[in-house]
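Engineer: Need a 3D model of the following:
(one chain, ligands or ions: 1)
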Amino acid sequence: MATSSNFMDMAKLAPTLPLERRCPPFPLRQFRGFWMPEGLFPALETIHSRFQTRPSDIFLACFPKSGTTWLKALGFATVNRREHPPSGEDHPLRLHGPHDCVKFFEPSIAAAGGSEDVFAAFPSPRLLSTHIPYSLLPEHITADSSGCRIVYVCRDPKDTLVSSWLFSKKASAAGNVELLKPASYTINEALELFCDGRCVTGPQWRHVVEYWEESQRRPEKVLFLRYEDMLREPARNVKKLADFIGYPFSGEEEAAGVVDAIVELCSFDHLRSLEVNKTGVLEVGFTIGNKSFFRKGVAGDWINYISPEMAAKLDGVVGEALRGSGFRF
Ligand code: A3P
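Structural biologist: Got it, this is the predicted structure:
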């Protein structure tokens with residue numbers, strides 16, 4: 001477990017850490033086994049040393065390209081359903097992208113120059129979305145006494161790889177000069193790097209297994225969901241999410257179709273069809289179209305991008321790394 005004192009000089013420490021520049025869109029630095037975007041180290045320092053958590057904070061955590069956008073939409077719609085009924089024409093999710101309704105935690109702090117005040121004025125309960133690995137979170141989030149809850153979504157590594165490869169190419173073409181723009185970044189290169197754990201917040205399997213282990217140890221504080229289960233049984237997973245974060249659906253709400261309305265509001269097809277998600281843009285240290293977050297939204301699309309041999313290689317690396325952990329994708 002990382003103690004906050006280890007993070008006091010993160011901004012100064014970052015340039016001394018191993019560097020990886022082959023994984024667009026960000027240069028990565030390896031810290032405690034994870035490849036973290038270099039630009040986020042000042043934010044990590046802030047989060048550890050100055051950020052004030054509230055017992056009601058709810059962290060929505062994912063490895064990148066594993067369902068962050070969907071989880072944000074579902075969490076926001078669930079928590080705010082009294083003020084904003086999901087079938088309402090003017091629901092915020094119909095007018096703003098999910099990433100505007102629930103902000104990214106560490107990138108927002110980084111974009112504010114490391115200021116701890118970014119979320120200070122947000123009403124409770126705050127929904128905060130993070131890609132930070134569990135072992136790099138501060139104790140004031142992870143300690144039982146903090147009261148904070150964490151919802152994690154995991155996804156099959158092969159689909160995560162493909163989604164991430166396609167997204168990274170779009171992101172690095174976004175036009176900002178500070179983003180990495182490698183001359184070549186084929187799926188073969190992305191696979192090799194991914195298998196070596198070299199990708200944003202990688203290794204992916206270690207990111208996943210840390211949250212899974214914590215969900216086993218402290219199920220009342222960490223809820224572990226799977227993207228593929230959510231696709232199969234969205235209503236069941238929304239109810240699980242609502243129960244866990246302390247916003248359970250009443251019998252009347254269920255009978256009135258509120259759960260189904262949230263599922264529909266947040267469905268891939270619906271969100272993707274909205275004007276704001278077709279033409280809007282997101283600022284997260286770089287500018288990217290909201291539409292980049294809605295590609296296909298299915299399980300198993302990897303088959304269209306990587307060969308059975310490549311899939312077997314990744315499955316082998318992941319299987320080996322997870323041996324003895326008790327976790328299986
Ligand atoms: P694909 O690229 O496989 O289509 P993240 O939100 O963590 O960036 O992950 C993006 C992945 O989630 C993309 O996967 C995207 O299409 C998918 N996605 C986005 N919104 C979704 C939704 N409402 N339901 C299901 N999948 C969604």
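
Engineer: Shouldn't residue 214 be within a helix?
Structural biologist: Yes - assessed with DSSP: H, G, I helix; E, B strand; the rest coil, residue 214 lies in a helix.

Engineer: For it, which residues are in contact?
Structural biologist: 134, 142, 150, 221-222 (CB atoms under 8 Å, 6 or more residues apart in numbering). To be clear about C-beta, it is placed using only N, CA and C from the backbone, and glycine gets the same treatment.

Engineer: mind redoing it with 10 Å?
Structural biologist: 134-135, 137, 142, 150, 152, 221-222, 224 (CB atoms under 10 Å, 6 or more residues apart in numbering).

Engineer: Counting neighbours, which of those comes out on top?
Structural biologist: Within these, neighbour counts (other CB atoms under 10 Å) peak at residue 152, which reaches 26 neighbours.

Engineer: quick one: contacts for the nearest residue to that one once chain neighbours are set aside?
Structural biologist: Once flanking residues are discounted, residue 152 sits nearest to residue 211: 4.1 Å by CB to CB, 6 or more residues apart in numbering. By CB under 10 Å, 6+ apart, the residues touching residue 211 are 61-63, 133-135, 137, 150-154, 222-224, 327.

Engineer: Looking at the residues you listed, which is nearest the ligand?
Structural biologist: The nearest member of these to the ligand, counting by CB to the nearest ligand atom, is residue 62 at 5.3 Å.

Engineer: Who does that closest one form a beta bridge with?
Structural biologist: Per DSSP bridges, the residues bridged to residue 62 are residue 153.

Engineer: ok so, going back, the residue nearest to residue 152 is in what secondary structure piece?
Structural biologist: helix 204-217 (DSSP states H and E).

Engineer: Do that helix and the ligand come into contact?
Structural biologist: No - contact between helix 204-217 and the ligand is absent, the nearest approach being 11.8 Å (criterion: CB under 6 Å from any ligand atom).

Engineer: Off-centre distance for stretch 87-94?
Structural biologist: 23 Å (CA atoms, centre = their mean, to the nearest Å).

Engineer: what's next to that stretch, contact-wise?
Structural biologist: Contacts to stretch 87-94, defined as CB under 10 Å, 6+ apart, come from residues 72-74, 76-77, 80-81, 83-86, 95, 98, 100-102, 256-258, 260-262, 264-266, 270-271, 274-277.

Engineer: about what we covered before: restrict the contacts of residue 211 to those near the ligand?
Structural biologist: Among these, the residues lying close to the ligand (CB under 6 Å from any ligand atom) are residue 62.

Engineer: Apply the buried test to the contacts of stretch 87-94 and list what passes.
Structural biologist: 72-74, 76-77, 80-81, 84, 86, 98, 100-102, 258, 261-262, 265-266, 271, 274, 276-277 (16 or more other CB atoms under 10 Å).

Engineer: Since that was my last question, I'll sign off now.
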